[in-house]
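Student: need a structure here:
(2 chains)
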Amino acid sequence: MNYETIIGLEVHAQLRTQSKIFCRCATEFHASENQNVCPVCMGLPGSLPVLNEKAVAFALKMAVATHCQIQPTSIFSRKNYFYPDLPKGYQISQYDKPLATAGVVEIVLENTSKKIRLHRIHMEEDAGKNVHGERYSYVNYNRAGIPLVEIVSEPDLRNAQEAAEYLRTLRSILRYLDISDGNMEEGSFRCDVNISLRPERSDRFGTKVEIKNINSFRFVENAILYEMERQRMCLEEGKRIVQETRLWDEHEGKTFSMRQKEEAHDYRYFPEPDLMPLEISAEWVSQIRSTLPEFEQVKKQRFMTQYQLTNYDAKLLVQEKSLADYFEQTVHRGGDPKLVCNWILSEVLREFEVSKVACSSLTPGHLAELICLIQKGTISGKIAKDVFEKILKQGKMPSQIVREEGLEQISDAAQLEKVIEFVVSEQGDLVKQYREGQKNKFSFLVGQIMKKTQGKANPKIVSELLKNKLEREDT
Amino acid sequence: MEPFHLTIFESQALLKKKSLSAKELTESVLKRIEATQPKLNTFITLCEESALCCAKEVDEKRARGEALSPLAGIPISLKDIFLTRGMKTTCSSRILSDFIPPYDATVVDRLKKNDVVLVGKANMDEFAMGSSNENSYFGPVKNPWDLERTPGGSSGGSAVSVSAGQCLGSFGTDTGGSVRLPAALCSVVGLKPTYGRISRYGVIAFASSLDQVGPLGKTVQDVALLLEAVAGYDSFDSTSHPIPVPSYQTALKKDLKGLTMGIPDEYFREGIDPEVLKAVHTAIDQLQKLGAKRVKISLPHSSYAIPVYYLICTAEASSNLARYDGVQYGFRATASTLAEMYLKTRGEGFGREVKRRIMLGTFVLSSGYYDAYYKKASQVRTLIQKDFTEAFKQCDVIVTPASPTTAFKLGEKTENPLEMYLTDIFTTSVNLAGLPALVLPCGFDQKQLPIGLQLIGPHFKEERLFQMGHAYESATDWHTRKPSL
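Tutor: Residues are numbered from 1 along each chain as shown, chains lettered A, B, ... in the order given. Coordinates of the predicted model:
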């Protein structure tokens, strides 16, 4: 029998606020153990949560960007369970009254696009981290209280590729909004997969399995592929799928049962009495809507029409908002779009990671000036690459480097004629061979001329002049 | 008269005139504690040295002519539920028996800024769960009017410390009557302020939507002074209210003309000790003579208050007490697995009543039961709130007994939790509705046990309660009687 795979994803993204969601502690990632803690995030007796307005603003941005309905009143609830990394014995989350519901995210597949509906987006606090030593276990509470948004999709995804593209799109939105790192390896972006199979053309869902512990985009695809196959074999053998939570083991390339339905926690949710209901005004929502950035797909289309870039190039430039902005800033400073694009995609990205370009020592000002020098013919493309290296090393402006080191291109015919004259007379044999028909000697002669001018000769003019000279003297 | 018998207001005047020093006042109180603590078991922790040190500082400040708060140099006690930095805070529980907090509760912080002299941490029912102060890991507190009897709970230590002259004022907490019941049974004045009037930050939570800090003192005026020092918005408590704190002392000067007392039928039915009933009626007559009008009112959902209260408070408590798991602080039992650590720590660390309430609360929040219990209770809570809203359209203050009986014997109700829960029959609705209520002495029964009168006001109308309470107090002398110890 043929089966259809039904996938829904629950994504947790850490919000990049300065302070935690319910206290004033820093959220900074690289702190030493239990450095960013206080009575509130440690859950000490008597401590009370106070909601961070910035965290709400960030979550709202995500909700508005994904076309959710923002609830005018949402409620924080307590999710009760015991675990050492959970200092209060409950997590403050949202349950029956989430911040936002009914959103949609459009994903772009190879030749088509697809709308994935969102069930809800809510806010909650992160837990700490258990660390197991040889004799003792430890808890690091730095992460406890870091704001999270949980984004729950409807079961609209049908295969691993769609799931991966959906995740990539969510990550892109989060990063475009500058509200989350979206880093799966570092755990600031986490994903649980709900997956079930059903016979093709059936309209009833099969029993679903939840897969946890997936910490890279590739693992999500691998886990889904494995689980699809496991469930298919199971069904084909006439067995039933057990509703359970499974863990992905990347090393083994398998999922393992963690707990079955009967062992599932009863979280005993109830409204958090220490926090007032969260009221969101329509003004706040429209203010946030008015500050949303242009997102990846729209930007890509615009780049293609406005700058005549290819789909491939535009896609690479918009993968990070900061990179796309960098491109445009360089263009606005006078760089030819195609040239700027080529330089960024080759030279610049060879030096810097995609996300680090914008904050690198090479400013759009540097790059624009360098490209303008090429456009004006002041330096050759080849010299420009040397100048590029020097900008990185010295931090000086390209024009200054060119001036100080006398790297201006020689386009003056009279000046070049002299060099050509010299090379032609010096390389008599080659000239003779060329005239006898070995046309490939021509580029060698050009090379010699370039060498004599330390690469500064304008190769186009050199080529013309040399050709004229050789032809002329031939006749 | 020994200085420890003074009210805050009286000692203030003497301190100002420098005819009494804060050190002398504190020494008098400490001597009184030394003499009476073994009989009463009021305190869990005493801090004589720091108290004397603090008193001396106040005297020095006064000598230098510095501006001082009305509470400067006044010895007070705190229920052992308030976090005091560097000073043991146990909540009367084994599970916190060695807990030394790293921060001060907002109330404590504000009291310190007022140069109050803290003498010790008062005994209480474990995690404020109880009506008789018998649920304490450190043993029960005795009622100074009869050492065989309970002082009421859960702020029993606080009420006794004031009644017995072991301090001049105290702070307790009131979740279902925990300030008002002991005030009534010990013949002191106790206030449960409006929910949100005093910050709960640093106060160990029992039931967050009901808990409110409350002052206890020898007179209405003293209680007003204590409230004014700590009330007001706190950015560390989202449920604290930004409405400004008025000057309560001005309210005390007003007479009762134009005020209407509402007398709720439901609070004067069978089950009340006839002597209590008589005293309360006499007090109402007295208030009428002083100029207040009286009107019959109805609070029709009153009979649901106790069940609703015990559903909501146990639910919240089961979650609030989850943090006592032996991981970070407090008592931890020896165990070989994580699950065993949790079970043994909580099994051995909590007392019987606390465990009973955790189990009840866990049950009422369980999936499948939530709607029938917790949700339904929340809905009925709204009805109880509406009762009061309606009632306050007809009257300014509601007058009721504080407790159906006078102090009962220690051990009398410990085996019957339901009977014990009914002790709070007149006080729990006030917490469910978030209202302010003042309890003050209004007589004694034939056994010479104190009787308390309860005045309930609309939200943030504490001043009206002080106005009426002070007028009554000025016309009677119940509050001046002292237990013989």
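Student: hey, let's count contacts and neighbours off CA atoms from now on
Tutor: OK.
Student: which ones are touching residue A:441?
Tutor: Applying C-alpha atoms under 8 Å, 6 or more residues apart in numbering or on different chains to residue A:441 gives the contacts A:430, A:431, A:433, A:434.
Student: From these, which land in helices?
Tutor: Helix and strand membership here follows DSSP state H; of the contacts of residue A:441, those in helices are A:430, A:431, A:433, A:434.
Student: C-alpha coordinates for the lowest-mean-pLDDT helix or strand in chain B, CSV please?
Tutor: Considering only helices and strands, the least confidently modelled element of chain B by mean pLDDT, DSSP states H and E is helix B:417-421, at a mean of 80. Extracted as CSV, the C-alpha positions of helix B:417-421 are listed here (Å, rounded to 0.1, in the frame of the first residue of the first chain):
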residue,chain,number,x,y,z
PRO,B,417,-9.2,18.7,59.5
LEU,B,418,-12.7,19.5,58.3
GLU,B,419,-13.7,21.0,61.6
MET,B,420,-10.4,22.9,61.7
TYR,B,421,-11.1,24.3,58.2
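Student: May I see the buried residues of that helix?
Tutor: Buried residues in helix B:417-421, defined by neighbour count with 16 or more other C-alpha atoms under 10 Å in any protein chain shown: B:420, B:421.
Student: same deal with stretch B:5-20?
Tutor: Neighbour counts using 16+ other C-alpha under 10 Å place B:5, B:6, B:7, B:8, B:9, B:11, B:12, B:14, B:15, B:20 of stretch B:5-20 among the buried residues.
Student: Now secondary structure too, for those residues, in JSON lines please.
Tutor: JSON lines is the format used below for the buried residues of stretch B:5-20 (DSSP: H, G, I helix; E, B strand; the rest coil):
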{"residue": "B:5", "secondary structure": "helix"}
{"residue": "B:6", "secondary structure": "coil"}
{"residue": "B:7", "secondary structure": "coil"}
{"residue": "B:8", "secondary structure": "helix"}
{"residue": "B:9", "secondary structure": "helix"}
{"residue": "B:11", "secondary structure": "helix"}
{"residue": "B:12", "secondary structure": "helix"}
{"residue": "B:14", "secondary structure": "helix"}
{"residue": "B:15", "secondary structure": "helix"}
{"residue": "B:20", "secondary structure": "coil"}
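Student: Of those residues, just say which sits nearest to residue A:74.
Tutor: Compare each of the buried residues of stretch B:5-20 with residue A:74 using C-alpha to C-alpha and the shortest gap goes to residue B:8, at 45.9 Å.
Student: Next up, phi/psi of residue B:282, please.
Tutor: Phi and psi for residue B:282, reported as degrees, to the nearest 10, are phi -60, psi -40.
Student: Around chain B, pick out the residues from the stretch 201-350 of chain A.
Tutor: With the criterion set to C-alpha under 8 Å from any C-alpha of the partner chain, the stretch 201-350 of chain A comes near chain B through A:266, A:267, A:268, A:269, A:270, A:273, A:274, A:275, A:276.
Student: what is the fifth one paired to in the beta sheet?
Tutor: Residues in a beta bridge with residue A:270, per DSSP bridges, are residue A:78.
Student: quick one: residue B:453 is in a strand?
Tutor: Yes. Secondary structure assignment (three-state DSSP) places residue B:453 inside a strand.
Student: Report all helices and strands that the least confident helix or strand of chain B contacts.
Tutor: With contacts defined as 3 or more C-alpha pairs under 8 Å, 6 or more residues apart in numbering or on different chains; DSSP states H and E, helix B:417-421 has no packing partner among the helices and strands.
Student: Let's test this: mean pLDDT of the helix or strand following it, rounded?
Tutor: Next helix or strand after helix B:417-421 toward the C-terminus (DSSP states H and E): helix B:428-433. For helix B:428-433, the per-residue pLDDT values average out at 97.
Student: Output helix B:428-433 in CSV with nothing but the alpha carbons.
Tutor: Extracted in CSV, the C-alpha atoms of helix B:428-433 (Å, rounded to 0.1, in the frame of the first residue of the first chain):
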residue,chain,number,x,y,z
THR,B,428,-12.0,33.2,53.6
SER,B,429,-14.5,35.1,51.5
VAL,B,430,-12.6,38.2,52.0
ASN,B,431,-9.4,36.7,50.5
LEU,B,432,-11.4,35.2,47.6
ALA,B,433,-12.7,38.7,46.9
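Student: All set, thanks.
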